[in-house]
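1. please work out how this folds:
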Amino acid sequence: MTIQATTHSEGQILQTIQGSRRNSNVGVALITSLGGIGFLLASASSYWQLDLLPGGHPSQLLFVPQGLVMGLYGIAGSLTALYFWIGIALDVGAGENCFNQDSGRLTVRRRGFRQWIQVDLPLDEIQAVKVDIREGLNPRRRLALKLRGRRDLPLTGVGQPMALAELEASGARLASFLDVPLQGAN
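-> Residues are numbered from 1 along each chain as shown. Next up, the predicted model:
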């Protein structure tokens, strides 16, 4: 989930957040779909003794246990692909962050699987804008709000890590708008 667009007016910042409808997720869903269908066709080929796949000769496999196991892999792959396609169709994670100085409120909205998730807070509960950077095998680069008496509220989430310059500029702009300090990662 990355910040797709930011609109800045006199007393308001509106950040549009990209959800699961991205090329990388479509690619994973497509590959998982093809794999699940391939395993199902290999299982059916083994059962009916017909070559339903263009490559190889799955009809020569014994249905018990190879064809049966391939059928189970095909079912698991197809159900996983269905989960990905539903998430992409619903655009899970998409939403917006709205910082409104006129009303003194922060509204964070995200699309879930079944409903919209909304967090509404007063701006005076925000202590700082936090830049969270973790490098390594599973890197994380995100902006979060440090709140009084609560856990940090992430503004950017999973997905492609933001460029450091973009992350720092966005954090500095937001901290300046909210008149709170900008904190680095621990």
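
2. hey, where'd the helices end up in this structure?
-> In the chain, helices defined by DSSP state H lie at 23-48, 68-90, 164-178, listed in chain order.

3. how about a markdown table for those, with mean pLDDT added?
-> Output for those, formatted as a markdown table (pLDDT from 0 to 100):
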| stretch | mean pLDDT |
| --- | --- |
| helix 23-48 | 96 |
| helix 68-90 | 97 |
| helix 164-178 | 91 |
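
4. average pLDDT for stretch 151-161?
-> Averaged across stretch 151-161, pLDDT comes to 79.

5. check stretch 124-142 too.
-> With pLDDT averaged residue by residue, stretch 124-142 scores 87.

6. please apply the same query to stretch 179-186.
-> For stretch 179-186, the per-residue pLDDT values average out at 83.

7. just the CA coordinates of that stretch, formatted as PDB?
-> Output in PDB follows, covering the C-alpha atoms of stretch 179-186 (Å, rounded to 0.1, in the frame of the first residue of the first chain):
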ATOM      1  CA  ASP A 179       3.200  21.300  13.600                       C
ATOM      2  CA  VAL A 180       4.700  18.200  15.300                       C
ATOM      3  CA  PRO A 181       8.300  16.900  15.300                       C
ATOM      4  CA  LEU A 182       9.500  14.400  12.700                       C
ATOM      5  CA  GLN A 183      11.100  11.300  14.300                       C
ATOM      6  CA  GLY A 184      13.400   8.700  12.800                       C
ATOM      7  CA  ALA A 185      13.300   5.000  13.200                       C
ATOM      8  CA  ASN A 186      14.500   3.400  16.400                       C
END
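
8. residues of it that come out buried?
-> Of the residues in stretch 179-186, those buried under the neighbour-count criterion (16 or more other CB atoms under 10 Å) are 180, 182, 183. For the C-beta atoms, the positions are set from N, CA and C on the backbone; glycine is no exception.

9. got the contact list for the last one?
-> I take that to be residue 183. Applying CB atoms under 8 Å, 6 or more residues apart in numbering, we find residue 183 in contact with 128, 129, 130, 131, 146.

10. could you check the pLDDT of the last one?
-> Spelled out, that is residue 146. For residue 146, pLDDT reads 94.

11. in the contacts of residue 183, find the pair that's most separated.
-> Taking CB to CB as the measure, the contacts of residue 183 span a maximum distance of 10.9 Å, between 131 and 146.

12. neighbour count for these two, which is higher?
-> In this view residue 131 and residue 146 are compared by other CB atoms under 10 Å, and residue 131 has more residues nearby, 20 against 17.

13. for the more buried one, which non-adjacent residue is closest in space?
-> For residue 131, the nearest residue in space outside its immediate sequence neighbours is residue 171; the separation is 4.8 Å by CB to CB, 6 or more residues apart in numbering.
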